[in-house]
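Engineer: Here is the input, now give the coordinates:
(one chain, ligands or ions: 2)
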Amino acid sequence: MYRTAFLDIPPLRRAGGRVRLPGSKSISNRVLLLAALCDGVTRIEDLLDSDDTRVMLDALAALGCGLERLGPTTVRVRGLGGRLAAREARLFLGNAGTAMRPLTAALTVLAALQGGRFELSGVPRMHERPIGDLVDALRQLGGTIEELGQPGYPPLAVGSPQPTPLRLDAPIRVRGDVSSQFLTALLLALPLAAQERPITIEVVGELISKPYIDITLRLLARFGVQVQRDGWARFTIPAGARYATPGTIHVEGDASSASYFIALGALAATDQPVTIEGVGLDSIQGDIAFVDAARAMGARVEGEPNRLHVWRGAWPLRALDLDCNAIPDAAMTLAVMALYANGPTTLRHIGSWRVKETDRIAAMATELRQLGARVEEGPDWLRVHPLGADGSGWRAAALRTYDDHRMAMCGSLAAFNPARLPVRILDPQCVGKTFPDYFETLWSVVEAEPADIPVICIDGPTASGKGTLAAAVAARLGYHVLDSGALYRVVGLAAERAGLATDEAALADPAHAERVGALAAQLPVRFADGRIWLGDDDVTDAVRSEAAGMAASRVSALPAVRAGLLALQRGFRRLPGLVADGRDMGTVIFPDAPLKVFLTASAATRAQRRYEQLISRGETASIDSLLADLEARDARDRTRAVAPLEPAQDAQLLDNSAQTIDASVATVLAWWQRCRPFGDRDRPTHAEPRH
Ligand SMILES: Nc1ncnc2c1ncn2[C@@H]1O[C@H](COP(=O)(O)OP(=O)(O)O)[C@@H](O)[C@H]1O
Ligand SMILES: Nc1ccn([C@@H]2O[C@H](COP(=O)(O)OP(=O)(O)O)[C@@H](O)[C@H]2O)c(=O)n1
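Structural biologist: Ligands and ions are numbered 1, 2, ... in the order given. Alright, predicted model coming up:
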């Protein structure tokens, strides 16, 4: 997951390949609650591992439910069997509506039956998301609920130490036109109280998002509770209802998350399809109907059980006028696809967007306008006019995400713009709510022109701080790092291990130099998790010695070695971007890099830094000999015939002799910002500190 302040997505060209979806958020949190309420042990597989499931798991643990993690996506739940193990708890539920609503209902009912008091709160946005209709329904039932903040909104305190009688004889009335999660909450909770008599729930107003109710009913059935349904207006939980564990249950891939990859296929899979694993056309999730909408816009979709294949069909996409009531979450994806359509697209019946993670109608309209689009909005509709298929009208934008995972994922789809503009996603870690690895997954199925993938080059003499600066800048941007010096160090080591001497006399022999070059061209080197591997050997420490540095300096003067490492180095230019440190990054390896920095510091300063570095590693060192070595190395690097150490003509010079590391990083980031086309709309919009 990217924890950077922003993530720049280079312009993307093609899509194709295979993705595996994380588990459905809606199914995961419902299954967790049902497993917690029922008797016995349930093994849940393919559970979503994200912010929203984490708060649910933490809440269940606080309620005394037995939880055992068997892997990142497998958990064993020992249910409470309808009996409260804890009579008091404070539950923090982040911004997870799928945790807040059902837990409020279940705990109100359990507290009324057995006595207990529970507080439920979330992030500030959660305290702006209405829950009054559910509170009203639970009060009709005789439940005790106190609103601790604004009436009708969390935080809430539910229950009282002593049991209170529930009124189960009259139907419980709940509004269905603000959020279907209120009805879901009651359906999940009321079997707890239906031992002796049936319980009827009546929906007031037109029920929105019906497919989500369908998921609730299907999952209740998997847990042994068959709810009778009269249209979408009246639901009856039969007398004697009792949750029973299904033993093992698999969570389907998230159909809403699938929408981004379906869109990707529709936009850019011209050859190989985008294959999505984890959901098929027979999915129980309502958002699978997004496939119909995508097809209507022109996508070619083929389905198999648990798998979808998507290609581009009609191009440009066909404009659409659609009632999106049944696919409220996935419909956001259509709003971005609409930028690539042949006319204005209107999404209707999306009023629920206004009370989601953010006011999604307002947010979407604002951000699509940033991209250059004309957008009209009404209380429950949105109309998006397309941007030019010839690239006209598109603007490079820094998109705000409003702490809303879907805004971030949708925004990434704008990177297919024909104007070849990058897209900046602010606060990209908001995808952690449902799809922590969304961007990494995206990179695995898209391609960009290498020239469009940004590279920042940091060249300079030894111990000027290149590696330190490169790592820090890359961490701030979410970019890869190329430590090219390490490659020369590994060549020196590999040569010596292969019995090829690296002293100057030996390297002066052209045949010998050719052999070292051949070795460089086939170097089995790998960088993983901060370690450097030569074949199966971890050589991280071996290549860091001063002797290895000197050997690297000698072999690096050989043209055959430099040529042998060229393709390997250019291969590091991968999405979303690269920071490369070395001697010739800007002059030879990436001459088209948009930012080149030539980093220097006085020889005395550099010798002092190297000295401190070695001492802190527990090695012995002498400043005088370090200074002599370093000057020798500088001289060799500067005077060699091939790729000598010198600033590229367009490099920015940075002498950090009197600068702290943080100041150097800030300088380079400021230069980078000036190279980017986004202006300065970089402030993330979420109010909460991340945790
Ligand atoms: N601007 C700076 N101010 C002070 N020390 C620095 C600065 N930049 C780097 N250093 C320190 O100097 C040492 C050498 O830096 P390093 O990044 O390994 O250099 P290089 O990659 O250029 O050989 C490290 O211990 C690092 O912490
Ligand atoms: N792009 C590069 C990187 C390193 N090198 C050589 O490889 C040696 C080791 O590089 P390094 O960056 O690990 O060394 P330090 O600068 O950290 O001492 C340097 O002394 C250079 O001679 C090079 O020629 N070209």
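Engineer: so where do the helices sit in the stretch 151-300 of the chain?
Structural biologist: 181-189, 210-222, 255-268, 290-297 (DSSP state H, counting those that start in this stretch).
Engineer: Could you report the neighbour count for Q195?
Structural biologist: Look at Q195: counted by other C-beta atoms under 10 Å, it has 12 neighbours. The way it works is simple: take the backbone N, C-alpha and C, and place the C-beta from them, glycine included.
Engineer: For it, which non-adjacent residue is closest in space?
Structural biologist: Among residues not flanking Q195 along the chain, G240 sits closest, at 6.4 Å (C-beta to C-beta, 6 or more residues apart in numbering).
Engineer: check contacts around the residue lying closest to L566 once chain neighbours are set aside.
Structural biologist: Closest residue to L566 apart from its sequence neighbours, by C-beta to C-beta, 6+ apart: I589 at 6.9 Å. By C-beta atoms under 8 Å, 6 or more residues apart in numbering, I589 lies in contact with C457, S484, L566, Q569, R570, A580, G582.
Engineer: For those, which two are the farthest from each other?
Structural biologist: Spanning the widest gap among the contacts of I589 are C457 and L566, at 14.7 Å by C-beta to C-beta.
Engineer: out of these two, which sits in the more crowded spot?
Structural biologist: Using other C-beta under 10 Å as the criterion, C457 and L566 rank with C457 on top: 28 against 14.
Engineer: And the more buried one, which helix or strand is it part of?
Structural biologist: Using DSSP states H and E, C457 maps to strand 455-459.
Engineer: Show which residues not belonging to that strand make contact with it.
Structural biologist: 466, 469-470, 473, 477, 479, 573, 577-587, 589-590, 593-599, 645, 647-648, 651, 668, 672.
Engineer: All the helices of the stretch 1-150 of the chain, in order from the start?
Structural biologist: All helices of the stretch 1-150 of the chain, identified by DSSP H, counting those that start in this stretch, fall at 25-37, 51-62, 97-114, 132-140.
Engineer: Select, out of those helices, the one closest to ligand 2.
Structural biologist: helix 51-62 (39.2 Å; C-beta to the nearest ligand atom).
Engineer: Looking at the closest one now, give me its mean pLDDT.
Structural biologist: The pLDDT scores in helix 51-62 average 96.
Engineer: List the buried residues of that helix.
Structural biologist: Across helix 51-62, burial judged by 16 or more other C-beta atoms under 10 Å covers D51, D52, T53, R54, V55, M56, L57, D58, A59, L60, A62.
Engineer: Including distance to P246, could the residues you listed go into CSV?
Structural biologist: Output for the buried residues of helix 51-62, formatted as CSV (distance: C-beta to C-beta, whole Å):
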residue, distance to P246
D51, 26
D52, 22
T53, 19
R54, 23
V55, 24
M56, 18
L57, 19
D58, 24
A59, 22
L60, 17
A62, 25
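Engineer: Between those residues, which sits nearest ligand 1?
Structural biologist: Using C-beta to the nearest ligand atom, the buried residues of helix 51-62 come closest to ligand 1 at D51, 34.4 Å.
Engineer: For burial, what's the neighbour tally of M409?
Structural biologist: For M409, the neighbour count with other C-beta under 10 Å is 28.
Engineer: For ligand 2, see how far away the nearest residue to it once chain neighbours are set aside is.
Structural biologist: Counting by C-beta to C-beta, 6+ apart, Y260 is the residue found nearest to M409 once chain neighbours are left out, at 4.9 Å. Y260 sits 38 Å away from ligand 2, going by C-beta to the nearest ligand atom, to the nearest Å.
Engineer: So Y260 sits against G411, correct?
Structural biologist: No - with contact defined as C-beta atoms under 8 Å, Y260 does not reach G411; the gap is 10.3 Å.
Engineer: Please confirm that S412 is located within a helix.
Structural biologist: Yes - assessed by DSSP: H, G, I helix; E, B strand; the rest coil, S412 belongs to a helix.
Engineer: Turn the helices of the stretch 1-150 of the chain into a markdown table, columns for distance to W381.
Structural biologist: A markdown table is the format used below for those (distance: least, C-beta to C-beta, whole Å):
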| stretch | distance to W381 |
| --- | --- |
| helix 25-37 | 24 |
| helix 51-62 | 27 |
| helix 97-114 | 22 |
| helix 132-140 | 23 |
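Engineer: need those in JSON lines with distance to ligand 2, can you?
Structural biologist: Below are those laid out as JSON lines (distance: least, C-beta to the nearest ligand atom, whole Å):
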{"stretch": "helix 25-37", "distance to ligand 2": "45"}
{"stretch": "helix 51-62", "distance to ligand 2": "39"}
{"stretch": "helix 97-114", "distance to ligand 2": "49"}
{"stretch": "helix 132-140", "distance to ligand 2": "61"}
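Engineer: OK, contacts around whatever residue of the chain ends up closest to ligand 1?
Structural biologist: In the chain, the residue that lies nearest ligand 1 is G465 (2.5 Å; C-beta to the nearest ligand atom). When contacts are counted by C-beta under 8 Å, 6+ apart, G465 touches L599, A601, R609, N656, I661, S664.
Engineer: Show me those that map onto strands.
Structural biologist: If you go by DSSP state E, these have L599 in strands.
Engineer: Now narrow the contacts of G465 to whatever sits close to ligand 1.
Structural biologist: R609, N656, I661, S664 (C-beta under 6 Å from any ligand atom).
Engineer: for these, which one is nearest ligand 2?
Structural biologist: R609 (10.4 Å).
Engineer: The closest one against A463, yeah?
Structural biologist: Yes - with contact defined as C-beta under 8 Å, R609 reaches A463; the gap is 5.1 Å.
Engineer: Looking only at neighbour counts, state which of the two leads.
Structural biologist: A463 (23 against 20).
Engineer: returning to that earlier point: distance between the strand holding C457 and the chain's centre?
Structural biologist: 26 Å (C-alpha atoms, centre = their mean, to the nearest Å).
Engineer: So in that sheet, which strands flank it, and in what orientation?
Structural biologist: Sheet partners assigned to strand 455-459 using DSSP bridges are listed as strand 578-582 (parallel), strand 595-600 (parallel).
Engineer: I'd like the average pLDDT over the shortest one.
Structural biologist: The pLDDT scores in strand 578-582 average 97.
Engineer: for the last one, same thing?
Structural biologist: Taken as a whole, strand 595-600 has a mean pLDDT of 98.
Engineer: Not counting it itself, show me its contacts.
Structural biologist: For strand 595-600, contacts defined as C-beta under 8 Å, 6+ apart pick out 454, 456-461, 464-466, 469, 585-586, 647-648, 650-657, 664, 668, 671-672, 675.
Engineer: Can you select the buried ones from the residues you listed in PyMOL?
Structural biologist: The buried subset of the contacts of strand 595-600, as determined by 16+ other C-beta under 10 Å, is captured in PyMOL by this line:
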select buried, resi 454+456+457+458+459+460+461+464+465+466+469+585+586+647+648+651+654+656+664+668+671+672
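Engineer: Just the contacts of strand 595-600: which are in helices?
Structural biologist: Secondary structure from DSSP state H places K466, L469, S664, V668, W671, W672, C675 of those in helices.
Engineer: what residues are up against the last one?
Structural biologist: By C-beta under 8 Å, 6+ apart, the residues touching C675 are P594, L595.
Engineer: Mind pulling the model confidence for it?
Structural biologist: 93.
Engineer: So it versus ligand 2, what's the distance?
Structural biologist: 22 Å.
Engineer: roughly how far apart are that residue and P559?
Structural biologist: 32 Å (C-beta to C-beta, to the nearest Å).
Engineer: just the fifth one next, same as before
Structural biologist: Taking C-beta to C-beta as the criterion, W671 is separated from P559 by 32 Å.
Engineer: Cool, thanks, talk later.
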